[in-house]
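K.L.:
could you look at this predicted model? Sequence included:
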Amino acid sequence: MIASSLRRVMTAEDVFSVLTLLRRAEVDVWIGGGWGIDALIGAQTRDHRDLDLMHRQEQEAAVVAALSEAGFAESLSWRPIRFVVTAPDGREIDLHPLVFGGDGSATQASPEPERPFIYPSSCFVTGTVKGTTVPCLSAEQQVYFHQGYAPTDRDRHDMAQLHRIFGITTHF
């Protein structure tokens, strides 16, 4: 595992680099978390310590192979829910495998197997990072994932941004 002292922020250029690698591997991904919220807003509002990506579970081998070729190695496994890959310079990508249904909706395993995380087809949208269109999760889906736990300062910041731009009511 990469030591946390090596962790560095994930820049917009890093986001583009990762998305380019994965596009070349012909896999589908959507940005979630902090970068996903900033993509919805169309501006970077804070530093990001990682990049959260949702991917098609059946494409996971291609995702891992493409990131491995770029120097990323698995540093945390909470499969089937999620796993993290880390580059030698400390950049981290938090990967979330999704199983898609015929209607375009998806599910992700959760700590409670009988209650998977639900992704309606309408949550797969686009945003922009530095003026470039990127695939991301909707504002409503971001709010959904920020429930049921004690929020950090970053979470409060992100939800405040969604409220400011979209008028969405959040629980904190």
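P.N.:
All right, it came through fine.

K.L.:
contacting residues for the residue lying farthest from the centre of the chain?
P.N.:
No residue in the chain sits farther from the centre than Glu114, which is 23.0 Å out by C-alpha atoms, centre = their mean. For Glu114, the contact set (C-beta atoms under 8 Å, 6 or more residues apart in numbering) is empty. (C-beta placed from N, C-alpha, C; glycine too.)

K.L.:
any idea how far it is from Thr107?
P.N.:
Using C-beta to C-beta, to the nearest Å, Glu114 is found at 12 Å from Thr107.

K.L.:
any idea how many residues pack against the closest residue to Val9 other than its chain neighbours?
P.N.:
Among residues not flanking Val9 along the chain, Asp47 sits closest, at 4.6 Å (C-beta to C-beta, 6 or more residues apart in numbering). By other C-beta atoms under 10 Å, the residues close to Asp47 number 11.

K.L.:
need the pLDDT of Asp47.
P.N.:
At Asp47, the pLDDT value in this model is 96.

K.L.:
not counting sequence-adjacent ones, nearest residue to Phe172?
P.N.:
Spatial nearest neighbour of Phe172, excluding adjacent residues (C-beta to C-beta, 6+ apart): Pro151 at 4.9 Å.

K.L.:
the one you found against Ala160, yeah?
P.N.:
No - between Pro151 and Ala160 there is no contact, the gap being 10.6 Å when judged by C-beta atoms under 8 Å.

K.L.:
tell me which residues touch the most centrally placed residue in the chain, please.
P.N.:
Most central in the chain under C-alpha atoms, centre = their mean is Asp52, positioned 2.3 Å from the mean C-alpha point. By C-beta under 8 Å, 6+ apart, the contact set of Asp52 is Ile31, Gly32, Gly33, Gly34, Trp35, Gly36, Ile93, Asp94, His96.
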